[in-house]
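Q: Output the structure for:
(chains A and B)
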2 protein chains.
Amino acid sequence: MKPYLKVYPVGKIKRTDENTVIEIFDEYKDALLGLDEFSHIIVIYWFHKNDVPEKRNQLQVIPRHNPDNPLTGVFACRSPVRPNLIGMSVCKIISIKENIINIDSIDAFDDSMVLDLKPFFPNDKIKNVKVPEWAK
Amino acid sequence: MKPYLKVYPVGKIKRTDENTVIEIFDEYKDALLGLDEFSHIIVIYWFHKNDVPEKRNQLQVIPRHNPDNPLTGVFACRSPVRPNLIGMSVCKIISIKENIINIDSIDAFDDSMVLDLKPFFPNDKIKNVKVPEWAK
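A: Model (predicted):
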């Protein structure tokens, strides 16, 4: 069996028609101290609907399901199909109350498991960014 | 026992005095197709030296080991101590040859396991970013 690392969900994403929240499990609530001083967070979550071997073994996709785009490795796009089903979104914090973070929106399904949160810093130092035509 | 997700290392970081490379394991090489058209990548890796319960249970730290900084939750800083030991760095690609990506530098130890790579897009749409005093 291949060696693996153990990742424990620390919360989940709840989406309704009205709002989108990150619910951090009670045992991890203390890890939120000071997050309210940031305007944006990086949410790292799990594409749980794709957690089957055939999706985790697919290494190339057509990005954004657009047939005009070239076949691309999953490490060169943001496909939800990838060996480790790690998703990443930058979200605007609307409010934080206890263990509930109200965010503007997120490109993740309801009930997605949250693996980690990181504060967002502006990437001012990253210059001369180049991306391929399909990603523009 | 707590439920967990299985994350498989897809490569590792190798640092020498001369250079820093990401070595993607052969079985995942095809996932790199098209990555050479990007200038920067987001590297998601594992703080393997902290993979012990006491480090994964520590939820608050003094950021950057600076005693002037306030006690802060690990979800509100980039501490390598956190429930899931997920690190994230934006790196400049120098070259890609087969399964070896030469990068400018990374804030990770030699032999850190790589979990995922994502292409970096400029965060042009993220406006009015606010961070606390200690993070400036």
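
Q: Show the contacting residues for A:Asp36.
A: Listed by Cβ atoms under 8 Å, 6 or more residues apart in numbering or on different chains, the contact set of A:Asp36 reads A:Ile93, A:Ile96. For the C-beta atoms, the positions are set from N, CA and C on the backbone; glycine is no exception.

Q: helix/strand/coil for it?
A: helix (DSSP: H, G, I helix; E, B strand; the rest coil).

Q: Domain-wise, how is chain A divided?
A: A:1-47+A:87-121, A:52-84 (automatic domain parsing).

Q: Tell me the secondary structure of the closest residue to A:Val10 other than its chain neighbours, please.
A: Closest residue to A:Val10 apart from its sequence neighbours, by Cβ to Cβ, 6 or more residues apart in numbering or on different chains: A:Tyr28 at 4.6 Å. Three-state assignment for A:Tyr28 (three-state DSSP): helix.

Q: ok, how many other residues are close to A:Tyr28?
A: Neighbour count of A:Tyr28, defined by other Cβ atoms under 10 Å in any protein chain shown: 21.

Q: ok, residues contacting the longest strand along chain A?
A: In chain A, assigned by DSSP state E, the strand with the most residues is strand A:86-97. The contact list for strand A:86-97 (Cβ under 8 Å, 6+ apart) reads A:32, A:35-36, A:38-47, A:78, A:80, A:101-108, A:112, A:115, A:120, B:7, B:42, B:44, B:86, B:88, B:115-116, B:118, B:123, B:126.

Q: and the residue nearest to A:Val10, what does it touch?
A: Contacts of A:Tyr28 by Cβ under 8 Å, 6+ apart are A:Val10, A:Gly11, A:Asn99, B:Leu59, B:Phe75, B:Pro83.

Q: redo that, cut-off 7 Å
A: By Cβ atoms under 7 Å, 6 or more residues apart in numbering or on different chains, the contact set of A:Tyr28 is A:Val10, A:Gly11, B:Leu59, B:Pro83.

Q: Please report the distance of it from B:Arg56.
A: 11 Å (Cβ to Cβ, to the nearest Å).

Q: what residues are shared contacts of those two?
A: Contacts common to A:Tyr28 and B:Arg56, judged by Cβ under 7 Å, 6+ apart, are B:Pro83.

Q: What lies in contact with stretch A:3-13?
A: Counting by Cβ under 7 Å, 6+ apart, residues outside stretch A:3-13 touching it are A:22-25, A:28, A:45, A:106, A:108, A:110-116, B:2, B:4-8, B:46, B:83-84.

Q: one more time with 8 Å, if that's ok
A: With Cβ under 8 Å, 6+ apart, stretch A:3-13 has contacts from A:20-25, A:28, A:31, A:43, A:45-46, A:99, A:106, A:108-117, B:2-9, B:46, B:51, B:83-86, B:113, B:115.

Q: Tell me the bridge partners for the residue most central in space within chain A.
A: Note on chain A: the residue nearest the mean C-alpha position is A:Met88, at 2.5 Å, using Cα atoms, centre = their mean. Beta bridges link A:Met88 to A:Ile44, judged by DSSP bridges.

Q: A:Arg15 too?
A: A:Thr20.

Q: That one contacts A:Asp110, doesn't it?
A: Yes - at 4.4 Å, A:Arg15 counts as touching A:Asp110 under the criterion of Cβ atoms under 8 Å.

Q: The two - which one has more neighbours?
A: A:Arg15 (16 against 10).

Q: Now do the contacts for that one.
A: So A:Arg15 contacts A:Ile106, A:Phe109, A:Asp110 (Cβ under 8 Å, 6+ apart).

Q: same check, this time on A:Ile24
A: Contacts of A:Ile24 by Cβ under 8 Å, 6+ apart are A:Val10, A:Gly11, A:Ala31, A:Leu32, A:Asn99, A:Ile100, A:Ile101, A:Val114, A:Leu117, B:Phe75.

Q: Out of the contacts of strand A:86-97, which end up buried?
A: Among the contacts of strand A:86-97, those scoring as buried are A:32, A:35, A:38, A:40-47, A:78, A:80, A:101, A:103, A:106, A:108, A:112, A:115, A:120, B:7, B:42, B:44, B:86, B:88, B:115-116, B:118 (criterion: 16 or more other Cβ atoms under 10 Å in any protein chain shown).

Q: The domains of chain A into TSV, with extra columns for mean pLDDT?
A: Shown next, in TSV, are those (pLDDT from 0 to 100):
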stretch	mean pLDDT
domain A:1-47+A:87-121	96
domain A:52-84	96
